[in-house]
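Novice: Sequence and predicted structure, then a few things I'm wondering about:
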Amino acid sequence: MKRYILFAPLTYCYPILRPVQEEIRRRGDEAAWYIGYGPDMLQPGEKKLATIEEAIAYDPIASLTAANYIPDYLPGVKVALFHGYPITKRPNHPGSQFAIRGWFDIYCTQGPSGTPVFERNAAKLGFFKVYETGWTKADTYAAADKQKLPSNDRPTVVYTSTFTRGITSTGILFDTIRKMVESRRWNWLFTFHPKLDEETKNRYKQLAEENENAEYYDGDNNPDFIARADVMLCDSSSIITEFMLMNRPVVTFRNTNPGQHLIDVTSTDEIEPALEKALTRPEPLMKAIKQYTEYHEGHLDGKASSRVLDAIDDFISTGHKTLTRRKPLNLVRRIKLRRATGYPWWKGLFLNGELRIEN
């Protein structure tokens, strides 16, 4: 029986890793969760590794995460699954989503928007391998119940936002959204990135508590939650692409990389008319959405998690032999993470470049 560790230090990791857990179990193998200092959002029946010692003793063939980092002391092949699509949220930092930080042995890329960049970096750096698998969270959106429009008794809007300062719309749009909540026969759903400041989230929580046509979800951008909406209101977040995987329109406020796939507005007065337009699902808009999502997600077939596990098997079997360099020591980052998780910072510190593959 093969074992895998699912590393979830942030809430957004859970819906990305759970499809992998499902495929692992389907194959008759076993997965366990190591959370470290992150929030515990495990469900009944999910195995938790409560301590570092338990995680190390579990001895998996691979440790997977959707975070930008993973503890180097976790056993097995280190696998990056990403927590969103490369949408160039920050125009002044166009390559930030392609940063190679020296943590991973495998990058499981999503589609044409990311794979070529990572493949070029892999050829240049030599210490990791790239497999285009599709995004594991997209397996959830590929399900039949997500691919059909919800049967709402009234139009339903989900509002979410990036946490990035200078880009988030949560402050400037609050009064506009409050007026629409109170005046329109629409349902509203609110959910935000876990790193958004608590004061802002509490304002929207209170708005939902005061209005029966509004609901707040404080979690991991649960696909089941956003799938209840007919249209999304957002700014510049990769969750836009997730929503579009269900073939649904998005209105954005001052998006940093607008295009024909969005109804982008720059004034608060334009938001309500834009939402009304989006609810009609104009044919040119829906065609542009399809082209955009296919560029980011090359495999909307529900089998990304299966390809991830196949990629791990391939890497262990022969793929690791194609690597030309060891991983960098990455000392500063590794020491900081070890201290944050309570692992002795000096233990095995200079072994980072050694990848143990047992045949």
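Specialist: Structure received.
Novice: Can you list the low-confidence ranges for this structure?
Specialist: The model of the chain has pLDDT under 70 over residues 88-96, 220-221, 352-359.
Novice: Just give me the residue closest to the centre of it.
Specialist: With distances taken as CA atoms, centre = their mean, residue 83 lies nearest the centre of the chain, 2.4 Å away.
Novice: Skipping adjacent residues, who's closest to that one in space?
Specialist: residue 66 (4.3 Å; CB to CB, 6 or more residues apart in numbering). C-beta here means a position set from N, CA and C on the backbone, and glycine is covered the same way.
Novice: That neighbour touches residue 20, doesn't it?
Specialist: No: Residue 66 lies out of contact with residue 20 (CB atoms under 8 Å); the separation is 9.7 Å.
Novice: circling back to that earlier point, quick one: contacts for the residue nearest to the centre of the chain?
Specialist: If you count contacts by CB atoms under 8 Å, 6 or more residues apart in numbering, residue 83 has them with 10, 12, 13, 16, 66, 67, 68, 238.
Novice: Surely the last one and residue 84 touch.
Specialist: Pointing back at residue 238 there. Yes: at 2.9 Å, residue 238 and residue 84 qualify as touching, with contact defined as CB under 8 Å.
Novice: Spatially nearest residue to residue 80, not counting backbone neighbours?
Specialist: Closest residue in space to residue 80, ignoring its immediate chain neighbours: residue 104 at 4.3 Å, by CB to CB, 6+ apart.
Novice: ok, now which ones touch that neighbour?
Specialist: 70, 78, 79, 80, 128.
Novice: need the residues you listed in CSV with neighbour count, secondary structure and distance to residue 319, can you?
Specialist: Shown next, in CSV, are these (neighbours: other CB atoms under 10 Å; DSSP: H, G, I helix; E, B strand; the rest coil; distance: CB to CB, whole Å):
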residue, neighbour count, secondary structure, distance to residue 319
70, 24, coil, 18
78, 23, strand, 13
79, 27, strand, 12
80, 24, strand, 15
128, 22, coil, 10
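Novice: Out of these, which is nearest to residue 282?
Specialist: residue 80 (36.9 Å; CB to CB).
Novice: I'd like the distance from the closest one to residue 238, if you could.
Specialist: Separation of residue 80 from residue 238 (CB to CB, to the nearest Å): 15 Å.
Novice: What strand or helix carries residue 188?
Specialist: Using DSSP states H and E, residue 188 sits in strand 187-190.
Novice: If you count neighbours, what's buried in the very next helix or strand once past that strand?
Specialist: Where DSSP H and E defines the elements, the next helix or strand beyond strand 187-190 is helix 198-210. Within helix 198-210, the residues that qualify as buried are 200, 201, 204, 205, 207, 208, counting by 16 or more other CB atoms under 10 Å.
Novice: got the contact list for the second one?
Specialist: Spelled out, it's residue 201. With CB under 8 Å, 6+ apart, residue 201 has these contacts: 192, 218.
Novice: rerun at 7 Å
Specialist: residue 192 (CB atoms under 7 Å, 6 or more residues apart in numbering).
Novice: ok, it to residue 11 distance?
Specialist: Going from residue 201 to residue 11 by CB to CB gives 12 Å.
Novice: Now do the helices for this protein: every range, in order, please.
Specialist: 14-26, 52-58, 115-125, 138-141, 144-147, 174-183, 198-210, 223-226, 239-244, 271-279, 283-296, 304-317, 331-341 (DSSP state H).
Novice: right, and those - which one's nearest residue 324?
Specialist: helix 115-125 (8.8 Å).
Novice: Dump the C-alpha coordinates for the closest one into PDB.
Specialist: Taking C-alpha atoms only, helix 115-125 is exported to PDB below (Å, rounded to 0.1, in the frame of the first residue of the first chain):
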ATOM      1  CA  THR A 115       3.400  24.600 -18.400                       C
ATOM      2  CA  PRO A 116       5.900  26.100 -21.000                       C
ATOM      3  CA  VAL A 117       7.300  28.500 -18.400                       C
ATOM      4  CA  PHE A 118       7.900  25.800 -15.800                       C
ATOM      5  CA  GLU A 119       9.400  23.500 -18.500                       C
ATOM      6  CA  ARG A 120      11.900  26.200 -19.500                       C
ATOM      7  CA  ASN A 121      12.800  26.700 -15.900                       C
ATOM      8  CA  ALA A 122      13.200  22.900 -15.300                       C
ATOM      9  CA  ALA A 123      15.600  22.700 -18.300                       C
ATOM     10  CA  LYS A 124      17.600  25.600 -17.000                       C
ATOM     11  CA  LEU A 125      17.700  24.700 -13.300                       C
END
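Novice: Could you list the buried residues of it?
Specialist: 115, 118, 119, 121, 122.
Novice: Name the nearest residue to the last one, ignoring sequence neighbours.
Specialist: By that I understand residue 122. Counting by CB to CB, 6+ apart, the residue nearest residue 122 is residue 130, at 4.9 Å.
Novice: show me what contacts the residue nearest to residue 83?
Specialist: Residues near residue 66 by CB under 7 Å, 6+ apart: 12, 13, 16, 17, 81, 82, 83.
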